[in-house]
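**Student:** this one's sequence-less:
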């Protein structure tokens with residue numbers, strides 16, 4: 001019993017030490033975590049290429065080539081379009097404030113009986129307009145801030161270049177690393193630990209691979225649909241809604257809210273663009289609920305939307321960007337462990353029904 005008790009304290013001390021190391025090393029962990037994430041996502045593709053008699057190294061090279069081609073397409077096609085729409089949004093912001101002050105907010109005041117000076121947008125508009133006039137090129141401002149410290153710029157570039165290096169070596173040796181880690185497991189607990197790891201792998205894999213594909217598909221559907229409706233910022237709103245879909249229904253709420261505001265600002269109260277926006281997001285939700293999520297994700301995640309939001313915010317608050325990357329995998333592992341703790345609790349004596357008391361013996365009637 002003493003050995004088991006000491007082992008428990010040893011494991012607790014190891015977890016505390018691990019948390020402290022992650023906290024202290026969080027400024028340099030980001031490229032390694034991104035590399036691990038990319039290697040984890042690319043390992044199934046390399047395994048499929050290996051099953052087709054291709055060596056592990058060449059499989060990694062092929063996956064890297066495909067990933068590089070995809071990144072180049074995004075850089076050459078999507079990013080310039082998004083940049084133009086961001087600049088367009090930046091230029092339209094003062095007009096948007098005018099529309100709020102002249103059209104939208106007076107209507108809200110009339111409906112709810114608010115005071116005339118309830119909304120104070122004059123100061124905000126003047127400040128934003130002055131800032132717009134003094135910053136003609138947003139990209140130049142960003143670059144000047146980024147190059148203010150040469151050491152920070154060199155560090156950022158080094159981290160960016162470190163990601164593919166870490167990903168390549170991890171992806172090449174992934175199976176070997178997993179085999180060595182399994183060889184370090186306690187022999188008596190190996191099957192139990194591997195069962196837990198398989199469940200964690202199913203949850204994390206379903207979320208990362210499946211949910212990322214769902215996000216990408218929804219971003220494409222929303223962007224194309226909103227651009228067909230004629231919204232100037234359709235691509236930007238569609239991509240934003242797709243990224244927000246990491247939390248179920250969040251993409252729908254964010255996207256349709258931004259799209260309705262854009263339609264009211266661009267078309268006024270014309271009902272046809274509003275009906276078009278409603279049709280786009282209705283089709284998107286139908287595709288997500290009936291096709292994308294069942295096909296790509298399935299029912300293996302089990303992470304509640306509130307748990308997803310809390311995990312992302314808590315990870316970012318505690319460990320910065322590294323914490324955001326770790327948040328969902330750690331939340332998935334905790335969920336699997338809590339599920340087994342719940343099952344053990346149901347089988348324990350603490351949860352069991354109280355033992356039924358034996359019936360009191362019947363005393364014979366007394367003789368007179």
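**Tutor:** Yep, it's here. The model shown is predicted, which means the values in this text are computed figures rather than measured ones. Numbers count the residues shown, from 1 in each chain.

**Student:** how close does the closest residue to residue 208 other than its chain neighbours get to residue 184?
**Tutor:** Of all residues not flanking residue 208 in the chain, residue 41 sits nearest, at 6.3 Å (C-beta to C-beta, 6 or more residues apart in numbering). The C-beta positions use only the backbone N, C-alpha and C, and glycine is treated the same way. Here the criterion is C-beta to C-beta, to the nearest Å. By it, residue 41 lies 24 Å from residue 184.

**Student:** thinking again about what came up before, same for the helix or strand that contains the residue nearest to residue 208, what does it pack against?
**Tutor:** Residue 41 belongs to helix 2-51 when assigned by DSSP states H and E. Here helix 2-51 touches helix 56-73, helix 150-172, helix 174-183, helix 305-347, going by 3 or more C-beta pairs under 8 Å, 6 or more residues apart in numbering; DSSP states H and E.

**Student:** repeat that for 7 Å
**Tutor:** Helix 2-51 sits against helix 56-73, helix 150-172, helix 305-347, with contacts defined as 3 or more C-beta pairs under 7 Å, 6 or more residues apart in numbering; DSSP states H and E.

**Student:** Tally up the residues packed near residue 77, please.
**Tutor:** 10 (other C-beta atoms under 10 Å).

**Student:** what's the spacing between it and residue 87?
**Tutor:** 17 Å.

**Student:** and what of residue 171?
**Tutor:** 37 Å.

**Student:** the more surrounded of those two?
**Tutor:** Neighbour tally, residue 171 and residue 87, criterion other C-beta under 10 Å: the higher count belongs to residue 171, 25 against 13.

**Student:** nearest spatial neighbour of that one, skipping sequence neighbours?
**Tutor:** Residue 171's closest residue in space is residue 39 (C-beta to C-beta, 6+ apart), at 4.3 Å.

**Student:** The one you found: how many residues sit nearby?
**Tutor:** 22.

**Student:** Relative to residue 78, how far out is it?
**Tutor:** With distances taken as C-beta to C-beta, residue 39 is found 24 Å from residue 78.

**Student:** if we can go back for a sec, so for residue 41 and residue 184, which sits in the more crowded spot?
**Tutor:** Ranked by neighbour count (other C-beta under 10 Å), residue 41 and residue 184 place residue 41 first, with 17 against 7.

**Student:** Look up the pLDDT of that one for me, please.
**Tutor:** Listed pLDDT for residue 41 reads 83.

**Student:** Touching, it and residue 210? I think so.
**Tutor:** No: checked against C-beta atoms under 7 Å, the pair residue 41 and residue 210 is beyond contact range at 11.1 Å.

**Student:** What ranges in the chain fall below the confidence cut-off?
**Tutor:** 1-7, 92, 95-97, 101, 105, 109, 111-153, 297-303, 322, 352-368 (pLDDT under 70).

**Student:** Pick out the residue closest to the middle of the chain.
**Tutor:** The centroid of the chain falls nearest to residue 246 when counting by C-alpha atoms, centre = their mean (4.8 Å).
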